[in-house]
Structure formats: structure tokens, C-alpha cells
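Novice: no sequence on this one, just coordinates:
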């Protein structure tokens with residue numbers, strides 16, 4: 001987009017915000033979930049050029065080319081999957097996007113591990129270019145551990161520091177995916193130390209993968225600096241310990257039964273800041289469930305059923321993920337200046353989608 005066109009769009013949004021110009025879309029009479037205040041408010045939401053231009057008391061939004069009456073349904077931000085793998089659904093990028101968008105998943109933090117495992121950077125690039133053809137927002141994380149366990153598998157590619165640096169030129173690559181071979185980290189294997197040092201030097205966020213790594217080993221693993229998330233804890237005690245270290249603890253839900261209760265963890269954290277709790281599928285939703293039960297809204301339904309406060313649950317699937325991955329200036333909330341990824345749901349229990357914008 002040319003600078004002049006961007007300037008004109010900004011000016012237009014400002015005019016819409018002041019009700020001096022028509023919006024493209026106004027959603028009226030919604031129960032807006034405010035992820036900053038953890039509150040529900042009756043609101044109109046105005047959109048111009050795909051961006052939220054303004055939020056108003058119900059009935060007070062500007063004129064618009066198109067109006068949608070929410071009829072008191074809940075309006076939540078587009079859902080963000082904090083960690084997933086498209087390959088685990090056994091579909092390519094386009095059908096994956098077609099499968100998750102109708103359920104309100106509008107952004108995914110994607111680890112293309114298996115594409116790299118088979119075809120290296122070329123496979124990752126092919127996947128990225130297919131995703132560019134979809135409306136799904138994709139934050140692609142380049143895998144650092146291919147093969148995942150060198151002593152036990154053969155792979156079509158081996159990630160080195162040089163290949164990782166090269167992969168950062170692939171479209172959509174924003175960070176480094178899960179450092180799943182934690183034994184290479186803890187043994188200070190030379191190439192892994194180079195990758196971690198490069199990440200630390202360049203301010204890159206690494207996803208973690210450290211099941212049952214606790215105590216001094218956990219401090220050593222997360223003490224590397226760039227590894228800031230973990231989605232592999234197997235007990236509430238392990239999650240709590242990692243959260244105490246400042247780790248973004250990712251709770252995984254999908255088609256598989258998980259051993260640690262999200263509700264029990266939240267009870268342990270009562271009174272604490274929960275902004276470092278994230279929600280993800282980790283690709284662990286089979287195609288049948290994706291079609292019939294949902295995607296991130298299905299994950300929300302599960303943790304609310306476990307006793308997680310619905311407002312906290314929505315934060316875990318929106319603004320918390322956006323903050324962790326430094327995209328909270330664009331997505332994660334329904335507020336002026338945020339991209340208009342908006343989801344109407346019937347309630348904050350089952351999260352059945354009514355409409356996705």
C-alpha cells in the first residue's frame with residue numbers, strides 16, 4: 001500500500017470515529033467483551049477499511065453502508081491459537097483456513113515443523129505462500145529442532161543456524177518455533193547453543209517444549225533467554241512452577257484428554273496476574289471435531305467447563321496471545337485501531353459462533 005493511500009485511510013477512520021463519515025460496517029446492540037476491563041458492555045462497533053474505527057454506547061454508532069443487529073449476542077475478538085501445526089490436521093493451508101475461520105479462529109501462531117522435517121525451508125515456504133492466499137492471519141515460527149530427536153529418527157532436513165537464518169526470509173516468519181529437543185539445550189549441544197545465542201542477540205521469541213522439565217533444569221532451559229513459552233506441562237504443579245518463572249504457560253485443548261486441569265491452575269493463581277496464560281490447540285483437533293465441534297471456540301468451551309472464568313478464558317485466547325507474540329497493536333481486542341476480527345457468539349459458555357467478521 002502506498003503511503004498516500006494509507007494516509008487517506010487513516011483520515012477516513014478518524015472521520016468515521018467522530019461520526020463525520022459513514023462506516024463500512026456497524027454492528028449494533030452487541031454485548032461487547034472488553035478484554036482490557038474483563039467486562040461486558042452494550043455497544044455499537046464501527047468498522048472502516050477493515051479496522052475498528054470506534055466503539056459507542058448501544059444505539060449511538062455512526063451511519064454505515066452495512067448494519068448488523070447483534071440482538072444482544074456477545075461480540076468477542078477474533079480468536080488466536082497460541083500454538084498449532086496445520087500438518088496434524090492432514091490438510092493443507094487453504095482447507096485448514098476454511099475449516100477454522102467459521103468457528104472464529106482468525107489468527108494462528110503456526111509451527112510448520114513437519115513441513116520442515118520433510119522438505120526443509122522449501123517446504124515451509126510452500127506452506128507460507130499457500131497461507132498468503134487465505135484470509136487467515138498466520139504468524140509463522142521457523143522450527144529450530146529438525147529432526148526433533150536426532151538420535152532416534154531420520155529426517156529429510158537438518159536445521160542449523162545457517163538454515164534458520166535463511167528461513168527468516170520466508171514470508172510470514174516472525175519468530176522461532178518450539179525448542180522441542182530440550183535434551184540438546186540442557187546438554188549445551190554446540191549447534192543449539194549457536195541458535196539460542198543468535199535468538200537472544202536478535203531479540204527473537206522462541207516457543208518452548210519441555211515436558212516434566214522442572215527445578216534446576218527448568219531454570220537452565222528457560223534461563224537461556226529466548227525461550228519464553230511452554231505448552232507441554234503434564235501437571236498443575238509443573239504449570240504453576242513455570243508460571244512462577246515468568247514463562248507464558250500455554251494450556252492445550254482439543255480432541256485429546258489432557259492431564260492437567262485448567263480450572264485447578266486458575267484456582268492456584270487466584271489473585272495473581274493471569275496475562276501470561278495462553279490457550280492453544282497444538283494441532284490436536286482432528287478433522288471430524290474441527291468440522292462438528294469447532295476449533296478455538298471448542299477449546300474455550302472445554303476450559304470454561306473446567307471452571308475457568310469466561311472472561312479470563314477469552315483473554316487467554318485473544319489479548320494474552322497477542323501480547324506474548326508482540327502483535328497486540330493489531331489483534332486481540334475490539335477497540336479503535338485494532339483489525340476488525342470480530343466474532344458474534346451466543347454465550348460465554350459454549351461459544352457457539354453466530355457470525356464471523
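Specialist: Arrived safely, thanks for sending. Note that the coordinates shown come from a computational prediction; the quantities given were computed from them, not determined experimentally.

Novice: can you give me the strands in the stretch 1-150 of the chain?
Specialist: Under the criterion DSSP state E, counting those that start in this stretch, the stretch 1-150 of the chain contains strands at 23-34, 39-48, 51-57, 64-69, 74-77, 79-84, 105-110, 137-142.

Novice: Using the three-state scheme, assign residue 258.
Specialist: The three-state label given to residue 258 by DSSP: H, G, I helix; E, B strand; the rest coil is coil.

Novice: swap that for residue 243, sorry
Specialist: Classification of residue 243 using three-state DSSP returns helix.

Novice: who's in contact with it?
Specialist: Residues in contact with residue 243, defined by Cβ atoms under 8 Å, 6 or more residues apart in numbering, are 249, 269, 276-277. Quick note: C-beta positions are derived from backbone N, CA and C, even for glycine.

Novice: hmm, back to that, mind putting the strands of the stretch 1-150 of the chain in TSV, mean neighbour count and distance to residue 176 included?
Specialist: Below are the strands of the stretch 1-150 of the chain laid out as TSV (neighbours: other Cβ atoms under 10 Å; distance: least, Cβ to Cβ, whole Å):
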stretch	mean neighbour count	distance to residue 176
strand 23-34	22	31
strand 39-48	20	34
strand 51-57	21	29
strand 64-69	14	40
strand 74-77	26	26
strand 79-84	29	12
strand 105-110	28	12
strand 137-142	23	6
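
Novice: looking at it, residue 354 is touching residue 297, isn't it?
Specialist: No: in this structure residue 354 lies outside contact range of residue 297 using Cβ atoms under 8 Å: 11.0 Å.

Novice: Compare these two and say which is more crowded by neighbours.
Specialist: Shown here are residue 354 and residue 297; by other Cβ atoms under 10 Å, residue 297 has more neighbours (23 against 14).

Novice: Quick check: the gap between the more buried one and residue 37.
Specialist: Residue 297 is 22 Å from residue 37, where distance means Cβ to Cβ, to the nearest Å.

Novice: Residue 101 too?
Specialist: 27 Å.

Novice: which of the two has more neighbours?
Specialist: Comparing residue 101 with residue 37 by other Cβ under 10 Å, the one with more neighbours is residue 101, at 18 against 9.

Novice: Against residue 282, how distant is that one?
Specialist: Residue 101 sits 19 Å away from residue 282, going by Cβ to Cβ.

Novice: what do you get for residue 9?
Specialist: Distance from residue 9 to residue 282, by Cβ to Cβ: 37 Å.

Novice: and residue 85, what does it touch?
Specialist: Counting by Cβ under 8 Å, 6+ apart, the residues that residue 85 touches are 110-114, 282-283.

Novice: shared neighbours, residue 354 and residue 297?
Specialist: Residues touching both residue 354 and residue 297 by Cβ under 8 Å, 6+ apart: residue 345.

Novice: distance of residue 36 from residue 58?
Specialist: For residue 36 relative to residue 58 (Cβ to Cβ), the value is 19 Å.

Novice: which phi and psi does residue 318 have?
Specialist: Dihedral pair for residue 318: phi -140, psi -90, per degrees, to the nearest 10.

Novice: give me the number of residues near residue 93?
Specialist: For residue 93, the count of nearby residues is 21 (other Cβ under 10 Å).

Novice: Am I right that it is in contact with residue 125?
Specialist: No: Residue 93 is beyond contact range of residue 125, at 11.9 Å (criterion: Cβ under 8 Å).

Novice: Just the mean pLDDT for stretch 241-250, thanks.
Specialist: The average pLDDT for stretch 241-250 rounds to 97.

Novice: now it: how far from the chain's centre is it?
Specialist: Stretch 241-250 sits 17 Å away from the centroid of its parent chain (Cα atoms, centre = their mean, to the nearest Å).

Novice: Would you work out how far apart the start and end of that stretch are?
Specialist: End-to-end distance of stretch 241-250 (Cα to Cα, to the nearest Å): 13 Å.

Novice: That one: which residues count as buried?
Specialist: Buried residues in stretch 241-250, counting neighbours by 16 or more other Cβ atoms under 10 Å, are found at 241-243, 247-250.

Novice: And for stretch 179-199?
Specialist: So for stretch 179-199, counting by 16+ other Cβ under 10 Å, buried means 179-182, 184-186, 192, 195-196, 198-199.

Novice: Show residues contacting it.
Specialist: The contact list for stretch 179-199, computed with Cβ under 8 Å, 6+ apart, reads 113, 144-145, 148-150, 159-161, 164-165, 176, 204, 206-210, 213, 217, 220-221, 224-227.
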